[in-house]
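Colleague: After the sequence you'll find the predicted model.
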Amino acid sequence: MAPAILRAWLATGEPLQLIDVREPTETAAGIIAGAHCLPLGTLAQALHTLPRDVRTVLVCQSGVRSARAARQLMAAGFPAVHSLAGGMLRWREG
C-alpha cells in the first residue's frame, strides 16, 4: 500500500494496528506515530497477542521485511493485512 493511503487511514482515526518490524537500532531513528515496534524475528512468537479484528499495516525500512511479515500474518489467519510499500524510505519522502 502507498504511504498516501496510510496517511489517509491514520487521519480518519479508525482503529488501525501499525506494526514496525525493524530492529530497535533502526526504530531509534524514528517511527510512525502510533506504531508498535515488533522486530520481524519476534513476530511469530507474538501473534497471539495481536488483535485480529482491526486492519493491520506493517512497516520496515524499504518494504521487504514488512511484506514478509504481512505474508506471515495472512498465513496465520489475519483478515486485513497490508505492507507499506517502500517502507520508511518512502514514508519520509512525504
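Modeller: Received, thanks.

Colleague: any chance you could map the helices in this protein?
Modeller: Remark: helices assigned in the chain by DSSP state H are 3-12, 24-27, 40-46, 64-75, 87-93.

Colleague: Residues contacting the first one, please?
Modeller: This points to helix 3-12. With Cβ atoms under 8 Å, 6 or more residues apart in numbering as the test, helix 3-12 has contacts from 16, 18, 32-34, 55, 57, 82, 84-86, 90-91, 93-94. Heads up, the C-betas are built off the backbone N, CA and C, glycines and all.

Colleague: cool, the last one as well?
Modeller: With contacts defined as Cβ under 8 Å, 6+ apart, helix 87-93 is touched by 2-3, 6, 22, 30, 32, 59-66, 84, 86.

Colleague: residue contacts, the residue nearest the centre of the chain?
Modeller: Nearest to the mean C-alpha position of the chain, by Cα atoms, centre = their mean, lies Leu58 at 1.6 Å. Taking Cβ under 8 Å, 6+ apart, we find Leu58 in contact with Ile19, Asp20, Val21, Ser66, Ala67, Ala69, Ala70, Leu73, Val81, His82, Ser83, Leu84.

Colleague: phi, psi of the third one?
Modeller: For Val21, the backbone dihedrals (degrees, to the nearest 10) come out as phi -100, psi 10.

Colleague: For Leu89, see how far away the residue nearest to it when sequence neighbours are not counted is.
Modeller: What sits nearest to Val21 in space, not counting adjacent residues and going by Cβ to Cβ, 6 or more residues apart in numbering, is Leu40, at 4.2 Å. Leu40 sits 17 Å away from Leu89, going by Cβ to Cβ, to the nearest Å.

Colleague: Would you mind giving the contacts of Leu58 as a markdown table with neighbour count, distance to Pro51 and pLDDT added?
Modeller: A markdown table is the format used below for those (neighbours: other Cβ atoms under 10 Å; distance: Cβ to Cβ, whole Å; pLDDT from 0 to 100):
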| residue | neighbour count | distance to Pro51 | pLDDT |
| --- | --- | --- | --- |
| Ile19 | 23 | 11 | 98 |
| Asp20 | 27 | 16 | 98 |
| Val21 | 28 | 17 | 98 |
| Ser66 | 28 | 18 | 98 |
| Ala67 | 18 | 21 | 98 |
| Ala69 | 24 | 16 | 98 |
| Ala70 | 22 | 16 | 98 |
| Leu73 | 24 | 11 | 97 |
| Val81 | 22 | 12 | 98 |
| His82 | 19 | 15 | 98 |
| Ser83 | 23 | 18 | 98 |
| Leu84 | 26 | 19 | 98 |
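
Colleague: Fine by me, thanks again.
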